[in-house]
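Participant: below are the sequence and a predicted model for it; my questions follow.
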Amino acid sequence: MKKNTLSTWFFLPIFIGSLALSASVSADEEEGRTPLESAMEQTSDALKSLRKMDKSDWASGAKAARTAADGVRKGMEFIPALVKDMEDGKEKSKAIADYRRIMGMSYVALCELEIAYLEEDQAKVDAAVSKVKATKKDGHKKYTDD
């Protein structure tokens, strides 16, 4: 009996974790979003919050930049539908690598934005925001059907 109880306690957290993961995926699917869209929505919402906040609220700016970067980091795990639907081969592999490159550049720009907020340097914030916008524009032009 003791062995059975031990194995139950060992596997219970794994089971609960898998239920939580399937529930979050189901919520995205119910809303018609892919996991990539959800991750990018997190980034977008965090960046939008920057426009609404007081420019002197450096701590909130840093937190929003960190949240945006976390969304990009999560999104790097996935492949955009436009690329996923491509025929397997060299062009698809190249598109996947380029997507990861752009996402990496976005992540770096968002980390630079967080640092600028932590340094309370508006000029650096403005420069980092310009980088973020440029990488977003490049990525959306190539990998979304907007």
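Facilitator: That came in fine, so what should we check first?
Participant: compute the first-to-last residue distance for stretch 80-97.
Facilitator: 12 Å (Cα to Cα, to the nearest Å).
Participant: also stretch 77-92?
Facilitator: 16 Å.
Participant: buried residues, it. List them.
Facilitator: Phe78, Ile79, Pro80, Val83, Met86 (16 or more other Cβ atoms under 10 Å). (Glycine included, C-beta is placed from N, CA and C.)
Participant: let me see the mean pLDDT of that stretch.
Facilitator: For stretch 77-92, mean pLDDT is 91.
Participant: residues contacting Ala65?
Facilitator: Ala46, Leu50, Leu110, Cys111, Leu113, Glu114, Tyr117, Ala128 (Cβ atoms under 8 Å, 6 or more residues apart in numbering).
Participant: least trustworthy helix or strand in this protein by mean pLDDT?
Facilitator: helix 2-30 (a mean of 47; mean pLDDT, DSSP states H and E).
Participant: tell me which helix or strand comes right after that one.
Facilitator: helix 35-52 (DSSP states H and E).
Participant: now the element after that following helix, going C-ward?
Facilitator: helix 58-75.
Participant: sorry, back to before: give me the subset of the buried residues of stretch 77-92 lying in helices.
Facilitator: Among the buried residues of stretch 77-92, DSSP state H puts Val83 in helices.
Participant: okay if I get the buried residues of stretch 77-92 as CSV plus distance to Asp145?
Facilitator: Listed next are those as CSV, based on distance: Cβ to Cβ, whole Å:
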residue, distance to Asp145
Phe78, 16
Ile79, 14
Pro80, 9
Val83, 11
Met86, 13
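Participant: burial count for Ile115?
Facilitator: 15 (other Cβ atoms under 10 Å).
Participant: look up the pLDDT of it for me, please.
Facilitator: Value listed for Ile115 in the pLDDT field: 98.
Participant: what's near enough to touch the residue lying closest to it once chain neighbours are set aside?
Facilitator: Spatially, and ignoring its direct neighbours in sequence, Ile115 is nearest to Lys124 (7.5 Å; Cβ to Cβ, 6 or more residues apart in numbering). When contacts are counted by Cβ under 8 Å, 6+ apart, Lys124 touches Glu112, Ile115, Ala116.
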